[in-house]
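1. would you be able to build a 3D model of this:
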Amino acid sequence: MAQLQLEVRGFVDMTRWRWLLTEEATGAFVADHQVQLDPDDWRFQAFGDLTGYLSWHVTPDRRREDEARIVGQVGAWIGSKVLGPIADALARKRPATVRVMVPKVAEALLFRPLELAHAEGSPLSLQDVTLVMQVEGTNGDIAPVGQRLRVLGLFSLPEGERALNLRRERHSLARLLQEIAATGKAVDVRALQYGVTREQLRDVLGEAEGWDIIHISGHGTPGELLLETAAGKQDLVTATALADLLEPARERIKLVTVAACWSAAMTVTEQRRLLGLPAPDQSTQDDSRDARYDESAAGALATELAARLGCAVLAMRYPVDDEFAMALTGKLYDLLAREGQLLPRALEIAEQLAQGASGAFGATKRLIAHSLGAFESQMVLESETIASQAVTEEGAEGINAFLEKRKPDFSVGRVSRGRSSREADDE
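-> Next up is the predicted model:
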């Protein structure tokens, strides 16, 4: 796999900079591109806030068609104007992992959907090209995995929040790591679900052995994550506060996964700051939110954690559904721990699998794992698995797509983590 580095040079503002693409190991030149964008172009506006643009420019009864059309047009524009010859160079180098290095002043580029860029008529995200985003100067010295891989799972659902599949997600994570341990790899997993408070988190993170992977799942907003108080109420933890909690364990942490919507999105305050606009008028906000906006000005959870902890961070720029989040992280950990894949390649494979029939993939994998048993019991398990999968929403979609001679859409019926409890109640 090609290892490349894409650097930002001569950054002026979000309309003018230069890309430099090189071989990561040798520094050999691959391609470059001088970027000059028209801020009045509607595709530039969509590039800056794709979710917001889609919410205002799609027809409710034609949402899928309109979203696909707009995303396709924006992707073609990104490939032509934003990346230029860089996009085709990346496609020629596939499969490739690309470390995108940006200076602090150009941090907003980390939140742009560069992976949608078209090369040879198709998005880079579908061409075995993985982008790893990094702010310059954020590397850290991380201790290697000790005698066992230690995973800490935090599953927070304060009172009054819309229910997620946290219990099933916790059981799924524990089962996966037990299966990995059964192959002879030493694994230690700790899951905290009920009453995940700041105090409880401090106690667990203070353990001398430390943690290699921290998995956080729950509700979030740009730059913020919901934990719980001792009474089970909401405790809104900003990016800075969460980094403060995790920092004592930074020496060993290799990966932090934040499976909460908007965990890699900028706050409104940060977006306006990067655009040279004044912060929101605090006098128009109620008192309970004033402190939150001030404290979260450090930006998204992902960038804050990566900068403070010096480790890899997997987070969500856009709303995702529960099934996709569970499938993605489960497959990612399996590829990392069991198969020894490097993180960028493991993430690319996990994303491809999570977009498909993730339930059927898991069921098939369990069949293979039990294939060394008695023939009769294997046949019974196989028939039971086929029957159980046929009545699921994935099974129904697969059958309908076959009959209608179309490509299946396995996102049908999934519940989005991107909706607030109020939005869910209104439906």
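
2. next one: the lengthiest strand in the chain to chain centre, how far?
-> Counting residues, the longest strand found in the chain (DSSP state E) is strand 2-13. Remark: strand 2-13 is offset 22 Å from the chain centroid, using Cα atoms, centre = their mean, to the nearest Å.

3. and what of stretch 85-103?
-> So, by Cα atoms, centre = their mean, the centroid of stretch 85-103 is 19 Å from its chain's centroid.

4. equivalent analysis for stretch 331-340, please.
-> 16 Å.

5. what do you get for stretch 388-395?
-> With Cα atoms, centre = their mean, you get 27 Å for stretch 388-395.

6. any idea how far apart the tips of it sit?
-> Chord length of stretch 388-395, first to last residue, is 9 Å (Cα to Cα, to the nearest Å).

7. could you list the buried residues of it?
-> By neighbour count on 16 or more other Cβ atoms under 10 Å, the buried set for stretch 388-395 is Gln389, Glu394, Gly395. Glycine gets a C-beta too; all of them are placed from N, C-alpha and C.

8. ok so the last one is a helix residue?
-> Yes - counting by DSSP: H, G, I helix; E, B strand; the rest coil, Gly395 is found in a helix.

9. surely it and Gln389 touch.
-> Yes - the pair Gly395 / Gln389 is scored as a contact, 4.9 Å apart, by Cβ atoms under 8 Å.

10. which neighbours do the two share?
-> Contact criterion Cβ atoms under 8 Å, 6 or more residues apart in numbering; residues shared by Gly395 and Gln389: Ala360.

11. out of the buried residues of stretch 388-395, flag the one nearest to Met14.
-> Among the buried residues of stretch 388-395, Glu394 lies closest to Met14 (Cβ to Cβ), at 40.3 Å.

12. the closest residue to that closest one other than its chain neighbours and Asp409, how far apart?
-> Excluding the flanking residues, the one nearest Glu394 by Cβ to Cβ, 6 or more residues apart in numbering is Ala357, at 4.6 Å. With distances taken as Cβ to Cβ, to the nearest Å, Ala357 is found 11 Å from Asp409.

13. Val204 too?
-> Distance from Val204 to Asp409, by Cβ to Cβ: 40 Å.

14. got a list of what Pro85 touches?
-> Here Pro85 is in contact with Ala31, Asp32, His33 (criterion: Cβ under 8 Å, 6+ apart).

15. same deal with Ile349?
-> Lys331, Leu335, Gln341.

16. could you do Ala186 as well?
-> So Ala186 contacts Gln147, Arg148, Leu149 (Cβ under 8 Å, 6+ apart).

17. may I have the phi/psi pair for it?
-> When read as degrees, to the nearest 10, the backbone of Ala186 gives phi -80, psi 120.

18. where do the helices sit along the stretch 251-400 of the chain?
-> Along the stretch 251-400 of the chain, counting by DSSP state H, counting those that start in this stretch, helices occupy 268-274, 287-295, 301-309, 322-337, 343-354, 358-369, 375-390, 393-404.

19. now do the contacts for Val256.
-> Per Cβ under 8 Å, 6+ apart, neighbours of Val256: Ile213, Ile214, Ile216, Leu246, Leu305, Leu309, Cys311, Ala312, Val313, Leu314.

20. apply 7 Å and report the result again.
-> With contact set as Cβ atoms under 7 Å, 6 or more residues apart in numbering, Val256 has these partners: Ile214, Leu305, Leu309, Cys311, Val313.

21. roughly how far apart are it and Asp334?
-> Distance of Val256 to Asp334, computed by Cβ to Cβ: 18 Å.

22. over to Leu309?
-> Leu309 is 23 Å from Asp334, where distance means Cβ to Cβ.

23. give me the more crowded residue out of the two.
-> Higher neighbour count among Leu309 and Asp334: Leu309, with 23 against 20, using other Cβ atoms under 10 Å.
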